[in-house]
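Colleague: give me the fold of what follows.
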Amino acid sequence: MKKLGTYFLQGLLYIAPLGITVVILYNLLKFLDGLLKPYVIDIIGYHIPGIGLVAILILVTLLGYMGQTIIAKPVKSTVGKILERAPILKVIYSSLKDLFSGFVGKDRKFNQPVLVKVNAVSELEKMGFLTQKDLSNIGVEGKKAAVYFPHSYNFSGELFIVPCENIKKINGSPTEVMKFIVSGGVTTFTVNQKKEIS
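Modeller: Numbers count the residues shown, from 1 in each chain. Presented below is the predicted three-dimensional model:
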């Protein structure tokens, strides 16, 4: 009898989250559909289930499009004018914008995790992210690259210019490597192989 009770509770653990999710989704869709139900009945003359939800999706999409084209452009130009008049603000704003776009933007920069030898004598190595392979535009000569080292238990880091022969690529997920560094090495991830930057 005790085993039957255990199996019943185990079954509840499996089915309860699914059942609760279905009930919440059903009630949410019913609520959203009901918001425009009176207006749909006035226009069409009868209720079509789901038409209110479709109308809300279309309205929100149109609002997003208008916000992107009509509202966003004037706001961007106003911010641009303010930043041109305040050079210090411009430096801070553009640096933060580049940093955030490096993590989540179209031109993600933190997508190549690397292992850098920082001390040849003790074989000490540090994990980071390769941000630029060619530094000739800033006057750095020789085969050197820019590597960003995030701090553990923090959302800050340091940028180092290091010789390319001291850098090895890590064949792993950038997200997992970032979690590994920020957690101070507490989380784990799998590395397939390490290879030098060419």
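
Colleague: let me see the ranges of the strands in this protein.
Modeller: Taking DSSP state E as the criterion, the chain contains strands spanning 113-119, 124-132, 144-150, 157-163, 167-170, 194-196.

Colleague: which parts of stretch 120-127 are buried?
Modeller: By neighbour count on 16 or more other CB atoms under 10 Å, the buried set for stretch 120-127 is 126-127. Bear in mind the C-beta positions are built from the backbone N, C-alpha and C, glycine included.

Colleague: what separation is there between Lys169 and Phe129?
Modeller: From Lys169 across to Phe129, the span is 11 Å (CB to CB, to the nearest Å).

Colleague: what sits in contact with each of those two?
Modeller: Taking CB atoms under 8 Å, 6 or more residues apart in numbering as the contact definition, Lys169 and Phe129 share the neighbouring residues 112-114.

Colleague: how about those in CSV, adding pLDDT, neighbour count and distance to Val140?
Modeller: Conversion of the shared contacts of Lys169 and Phe129 to CSV gives the following (pLDDT from 0 to 100; neighbours: other CB atoms under 10 Å; distance: CB to CB, whole Å):
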residue, pLDDT, neighbour count, distance to Val140
Gln112, 82, 18, 18
Pro113, 87, 24, 22
Val114, 89, 25, 17
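
Colleague: Tyr65: which of these is nearest?
Modeller: Using CB to CB, Gln112 is the member of the shared contacts of Lys169 and Phe129 that lies nearest Tyr65, at 34.8 Å.

Colleague: how about the nearest residue to that closest one, chain neighbours excluded?
Modeller: Leu130 (4.3 Å; CB to CB, 6 or more residues apart in numbering).

Colleague: check which residues of the longest helix along the chain are buried.
Modeller: The single longest helix within the chain, with elements called by DSSP state H, is helix 2-35. Of the residues in helix 2-35, those buried by neighbour count under the rule 16+ other CB under 10 Å are 32-33.

Colleague: give me the mean pLDDT for it.
Modeller: Per-residue pLDDT values across helix 2-35 average out to 75.
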